[in-house]
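K.L.:
okay, here's the prediction I keep looking at, along with the sequence it came from:
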Amino acid sequence: MTQMAQSIVCSRHHSVSERLSQWMLLNADGLEASEIAVTHETIAHMLGVRRESVTQAAGKLQAAGSIRNSRGKILIENRERLLQSVCECYARVKLDAAQYARRLAQLSDSASRSRTQYVVAVQASQPERVQSADLQKYVDAYDFAPVGFATLDMRGHVMQTNLSGAIMLDIQRSQCQHTPFIDFLDEKSKMPFLTFHEEVLRGQCRRFCVVDLMPTVHRAAMTLRIDATSDESGEESRMVMIDWGAVSGRAPHAQVPLPVPEKAMASVWRFQTVAPVPSGVFGR
């Protein structure tokens, strides 16, 4: 969730070179290796920019001695120098990941130490209190997050939301189950969203979608950016919903043209750009 939220801010405010540096460092950390087998075109798809922009940024980093490019591979030669080129998003994501890992370790150690003197006794009488003590702060973080979360089933029906998600959709959380998500969308957003939902469940790649919510008696029409991924079984879609009008600084329904070639404009599918994305458009 941190990575998805931070990537939105990063794409709006940081250069291709900074974002490329962050992408390489995060992937190198995950692989625990200094060499990444990837093409410039694949990176361009992941960052939502043109391949030429990635090639130009990679060339500057290579000239600075941070990386070495070869066909289908990128080698991080000087990590310290590459860290000087990265934006602050890298440190924020790494810090959050480290804190999360430490918390999991603390929970594991605590459970192990108290297994014989506390957990067994409490579980015998009130097992739900053990789970509540360990997980309540994560439940609160989900419920009171400033972005909306929603889970949809294979048919695209809402299974659950957090408080922000319920406010965005203008529904009662206790009454949201089995409601088709497209019932909240205007007509031009329904078919693009259904296509987006099917792609997410197939697990082909992680996408985002920009759609418009219909106005209700409690709020005006709202433009949402939706990032989503499927669960392990491919039966649920887990979505993060962000008020795209507020993030992009434009009014809902404001049609801002994208600076992309005519050939790309002719397609329903478009890559993410630094300009605001019109409603009903997908990006990678």
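P.N.:
Received the coordinates, thanks.
K.L.:
and the pLDDT at D140?
P.N.:
pLDDT recorded at D140 is 68.
K.L.:
give me the below-cutoff pLDDT ranges for the stretch 1-150 of the chain.
P.N.:
Residue ranges of the stretch 1-150 of the chain with pLDDT under 70: 109-140.
K.L.:
do that again at 50, thanks
P.N.:
116, 118-119, 122, 130 (pLDDT under 50).
K.L.:
for the stretch 151-284 of the chain, same thing?
P.N.:
251-277, 284.
K.L.:
in it, which spans are helices?
P.N.:
With DSSP state H, counting those that start in this stretch, the ranges of helices along the stretch 151-284 of the chain come out as 163-169, 187-202, 244-248, 262-265.
K.L.:
got the contact list for H218?
P.N.:
Counting by Cβ atoms under 8 Å, 6 or more residues apart in numbering, H218 touches D170. Heads up, the C-betas are built off the backbone N, CA and C, glycines and all.
K.L.:
gap between it and A166?
P.N.:
11 Å (Cβ to Cβ, to the nearest Å).
K.L.:
now the helices of the stretch 151-284 of the chain in JSON lines, with distance to D96 and mean neighbour count?
P.N.:
Converted to JSON lines, the helices of the stretch 151-284 of the chain look like this (distance: least, Cβ to Cβ, whole Å; neighbours: other Cβ atoms under 10 Å):
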{"stretch": "helix 163-169", "distance to D96": "19", "mean neighbour count": "20"}
{"stretch": "helix 187-202", "distance to D96": "24", "mean neighbour count": "17"}
{"stretch": "helix 244-248", "distance to D96": "19", "mean neighbour count": "18"}
{"stretch": "helix 262-265", "distance to D96": "34", "mean neighbour count": "9"}
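K.L.:
between those, which gets nearest to A150?
P.N.:
Ranking the helices of the stretch 151-284 of the chain by distance to A150, with Cβ to Cβ as the measure, places helix 163-169 first at 4.7 Å.
K.L.:
which other residues reach the closest one?
P.N.:
Contact partners of helix 163-169, identified using Cβ under 8 Å, 6+ apart, comprise 143-150, 158, 161, 172-173, 176, 184, 213, 222, 224, 241, 243.
K.L.:
which stretches of the stretch 151-284 of the chain form strands?
P.N.:
Shown for the stretch 151-284 of the chain, the strands assigned by DSSP state E, counting those that start in this stretch span residues 157-161, 179-180, 207-213, 222-230, 236-243, 281-283.
K.L.:
between the fifth one and strand 157-161, how many degrees?
P.N.:
Okay, so that is strand 236-243. Calculated by axes from the mean of the first three to the mean of the last three Cα atoms, to 10 degrees, strand 236-243 forms an angle of 70 degrees with strand 157-161.
K.L.:
ok, so what distance separates Q172 from T161?
P.N.:
Relative to T161, Q172 is positioned 10 Å away (Cβ to Cβ).
K.L.:
scratch that, I167 is what I was asking about
P.N.:
9 Å.
K.L.:
what do the two both touch?
P.N.:
Joint contacts of I167 and T161 (Cβ under 8 Å, 6+ apart) are G148.
K.L.:
can you give me how far the longest helix anywhere in the chain is from the chain middle?
P.N.:
The residue-count maximum for a helix in the chain (DSSP state H) belongs to helix 89-113. Relative to its parent chain, helix 89-113 has a centroid offset of 20 Å by Cα atoms, centre = their mean, to the nearest Å.
K.L.:
so what secondary structure elements neighbour that helix?
P.N.:
If contacts are counted by 3 or more Cβ pairs under 8 Å, 6 or more residues apart in numbering; DSSP states H and E, helix 89-113 sits against helix 2-13, helix 16-31.
K.L.:
pull the contacting residues for the closest residue to N27 other than its chain neighbours.
P.N.:
Computed as Cβ to Cβ, 6 or more residues apart in numbering, the closest residue to N27 that is not its neighbour in sequence is I36, at 5.5 Å. Shown in contact with I36 (Cβ under 8 Å, 6+ apart): 24, 27-28, 73-76.
K.L.:
let's see 10 Å
P.N.:
23-24, 27-28, 30, 43, 67, 72-76 (Cβ atoms under 10 Å, 6 or more residues apart in numbering).
K.L.:
nearest to A101, of those?
P.N.:
Taking Cβ to Cβ as the measure, A101 sits nearest to G30 out of those, at 13.1 Å.
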